[in-house]
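A.B. asks: Next comes the sequence, and after it the predicted model I'd like to discuss.
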Amino acid sequence: MTPGTLSARILDPANRADPYPLYAELRRTPVLREDDGTYLVSTYHEARSLANDPRLSQDLRHRPPGSDRPARPEEETGLPPSFIFTDPPEHDRLRAAVNRPFGPPHSPGFIDSLRGELAAVVRGLLDDFEGKDRIDIVEDFAYPLPVTAICRVLGVPREDEPRFHGWADAVASHIDPAQAGIGQEEILSARRELSSYLAELIETRRRHPGPGLLSALAPRTEPGGGLTPGDLVATAVLLLVAGHETTVNLITNTTLTLLRHPDVLERFRTRPALTVPLVEEMLRYEPPVQFVPFNVALADIELAGTTIPEGSLVWIMVAAANRDPRRFADPDRFDPDRADNEHLGFYTGVHYCFGAPLARVEAQLALPELFRRVQGLRLLEDPPPYRANAVLRGPRHLPVSATGLTA
């Protein structure tokens with residue numbers, strides 16, 4: 001990106017703690033063409049319309065030569081793309097096959113069946129706060145819960161987390177335009193290592209089935225099963241990485257926001273029924289995925305008086321659209337009582353977040369218990385240090401002090 005452009009400023013780590021003034025500036029031009037020919041779509045109705053337009057592709061194989069990020073999966077590992085990087089009908093085939101053991105209509109009770117186990121994980125993490133007067137919400141709470149959850153969902157051994165942690169971080173950076181050209185060999189190596197690890201685990205689960213999606217899906221990679229072995233490995237990489245990265249941000253950003261809004265926090269502590277609308281408002285106010293930068297126009301698209309030419313790269317600016325004053329009254333105010341909160345925090349259309357039901361359950365279980373049990377929570381650093389990733393935006397650490405722990 002050309003230095004000084006809005007996209008370059010959004011990607012600049014110096015603006016990571018508060019990109020929202022830049023998003024407000026961006027909304028003045030709903031469909032903005034940058035110097036390199038990339039289009040940024042930032043207003044709510046335009047972003048929603050385009051994200052649902054079949055002329056916009058997320059298939060990386062349509063990206064023009066020379067595009068930095070993300071690279072085409074087959075160029076990196078020899079694997080086919082995961083369903084997030086495909087279009088219908090291929091996308092529909094892959095997603096439907098993976099969804100069979102995960103949710104409705106074939107497995108309608110799967111997510112609910114995890115509630116008891118996840119609630120026990122939350123209790124255990126909070127029990128470990130006993131005697132501590134300083135806590136890192138990320139390392140001690142927001143990270144271990146979703147990692148444990150996605151390991152349980154997939155059937156990945158939780159004790160392997162130290163092995164795949166670094167690989168997952170590197171793979172997550174692969175979607176971030178801010179890191180284009182940085183550490184390409186390390187990212188490529190991490191993706192290969194993670195793919196190899198999961199391929200071996202899938203083969204083990206094929207021979208010795210256990211709980212989790214990998215065991216459920218491994219037999220379906222046989223002829224006629226809907227997935228090839230490569231499809232399953234690529235999907236496992238996607239779910240392992242995305243299945244915890246975004247939820248870490250959701251829990252951490254909510255904790256930070258509540259500590260900045262003591263009036264809302266006091267209501268939250270005394271009104272458990274506020275949990276669901278509070279999480280939904282958080283998904284609008286501080287979405288874990290700030291924008292979706294890997295779209296390509298398959299044809300000329302007219303939008304808000306601008307023509308996006310065929311072959312153009314397009315960023316859908318989710319966080320900017322979620323604060324569009326034409327759609328949300330007083331959009332910069334954090335308001336769990338907000339009515340008609342049809343946010344784009346989990347995106348929209350065929351690429352609506354696959355893991356949204358699981359992320360919601362994790363946040364709804366974790367946040368009330370955190371603020372019920374931990375007494376005297378106070379921010380020690382505001383703003384906290386943020387991760388480099390501009391797309392998956394969230395604090396790298398969130399240090400807080402506490403005065404005690406209740407049962």
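C.D. replies: Looks like it came in fine.
A.B. asks: Let me see the mean pLDDT of stretch 278-294.
C.D. replies: The pLDDT scores in stretch 278-294 average 97.
A.B. asks: cool, stretch 252-272 as well?
C.D. replies: Stretch 252-272 comes out at a mean pLDDT of 96.
A.B. asks: Give the buried residues for it.
C.D. replies: Of the residues in stretch 252-272, 252, 253, 254, 255, 256, 257, 258, 259, 261, 264, 265, 268 count as buried by neighbour count, 16 or more other CB atoms under 10 Å. C-beta coordinates here come from the backbone N, C-alpha and C atoms, glycine included.
A.B. asks: Residue 277 reaches residue 335, doesn't it?
C.D. replies: No: in this structure residue 277 lies outside contact range of residue 335 using CB atoms under 8 Å: 9.3 Å.
A.B. asks: Please identify which of those two sits among more neighbours.
C.D. replies: residue 335 (18 against 15; other CB atoms under 10 Å).
A.B. asks: can you pull the contacts of the residue nearest to that one when sequence neighbours are not counted?
C.D. replies: Using CB to CB, 6 or more residues apart in numbering and skipping residues adjacent in sequence, the residue nearest residue 335 is residue 281, 6.2 Å away. By CB atoms under 8 Å, 6 or more residues apart in numbering, the contact list for residue 281 reads 334, 335, 336, 338, 341.
A.B. asks: do you know how far residue 358 is from residue 380?
C.D. replies: 30 Å (CB to CB, to the nearest Å).
A.B. asks: just residue 2 next, same as before
C.D. replies: Distance from residue 2 to residue 380, by CB to CB: 38 Å.
A.B. asks: roughly how far apart are residue 9 and residue 248?
C.D. replies: 25 Å.
A.B. asks: Neighbour count: those two, which is higher?
C.D. replies: residue 248 (24 against 17).
A.B. asks: Doesn't that one belong to a helix?
C.D. replies: Yes: assigned with DSSP: H, G, I helix; E, B strand; the rest coil, residue 248 falls within a helix.
A.B. asks: thought it was touching residue 148?
C.D. replies: No: under the criterion of CB under 8 Å, residue 248 makes no contact with residue 148, lying 11.8 Å away.
A.B. asks: How about the most centrally placed residue in the chain: what's its closest non-neighbour residue?
C.D. replies: Note on the chain: the residue nearest the mean C-alpha position is residue 246, at 3.2 Å, using CA atoms, centre = their mean. Distance criterion CB to CB, 6+ apart; nearest residue to residue 246, sequence neighbours excluded, is residue 288 at 4.1 Å.
A.B. asks: Quick check on the residue nearest to residue 26 when sequence neighbours are not counted: phi, psi?
C.D. replies: Leaving aside its chain neighbours, residue 26 sits nearest to residue 42 (4.4 Å; criterion: CB to CB, 6+ apart). Residue 42 adopts backbone torsions of phi -120, psi -10, taken as degrees, to the nearest 10.
A.B. asks: Pretty sure residue 83 sits against residue 94.
C.D. replies: Yes: with contact defined as CB under 8 Å, residue 83 reaches residue 94; the gap is 3.8 Å.
A.B. asks: Show me whatever sits in contact with both of the two.
C.D. replies: Contacts common to residue 83 and residue 94, judged by CB under 8 Å, 6+ apart, are residue 235.
A.B. asks: higher neighbour count, those two?
C.D. replies: The neighbour comparison of residue 83 against residue 94 (other CB under 10 Å) goes to residue 83, with 26 against 23.
A.B. asks: list the contacts for the more buried one?
C.D. replies: Listed by CB under 8 Å, 6+ apart, the contact partners of residue 83 are 90, 91, 94, 95, 98, 235, 238, 354.
A.B. asks: Most neighbours out of the residues you listed, which is it?
C.D. replies: residue 235 (27 neighbours).
A.B. asks: how much space between that one and residue 321?
C.D. replies: Relative to residue 321, and taking CB to CB, residue 235 is found at 28 Å.
A.B. asks: For the closest residue to residue 243 other than its chain neighbours, list the residues it contacts.
C.D. replies: Nearest residue to residue 243, sequence neighbours excluded (CB to CB, 6+ apart): residue 150, at 3.5 Å. Taking CB under 8 Å, 6+ apart, we find residue 150 in contact with 156, 239, 240, 243, 244, 358.
A.B. asks: returning to that earlier point: who has more neighbours out of residue 2 and residue 380?
C.D. replies: Taking neighbours as other CB under 10 Å, residue 2 and residue 380 compare with residue 380 leading, 13 against 9.
A.B. asks: Does the more buried one touch residue 135 like I think?
C.D. replies: No: the pair residue 380 / residue 135 is not scored as a contact, 9.3 Å apart, by CB under 8 Å.
A.B. asks: Buried residues, stretch 149-161. List them.
C.D. replies: In stretch 149-161, residues buried by neighbour count (16+ other CB under 10 Å) are 149, 150, 151, 152, 153, 154, 155, 156, 161.
A.B. asks: Same list (those residues) but as JSON lines, adding pLDDT.
C.D. replies: Below are the buried residues of stretch 149-161 laid out as JSON lines (pLDDT from 0 to 100):
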{"residue": "149", "pLDDT": "95"}
{"residue": "150", "pLDDT": "95"}
{"residue": "151", "pLDDT": "94"}
{"residue": "152", "pLDDT": "94"}
{"residue": "153", "pLDDT": "94"}
{"residue": "154", "pLDDT": "95"}
{"residue": "155", "pLDDT": "94"}
{"residue": "156", "pLDDT": "95"}
{"residue": "161", "pLDDT": "92"}
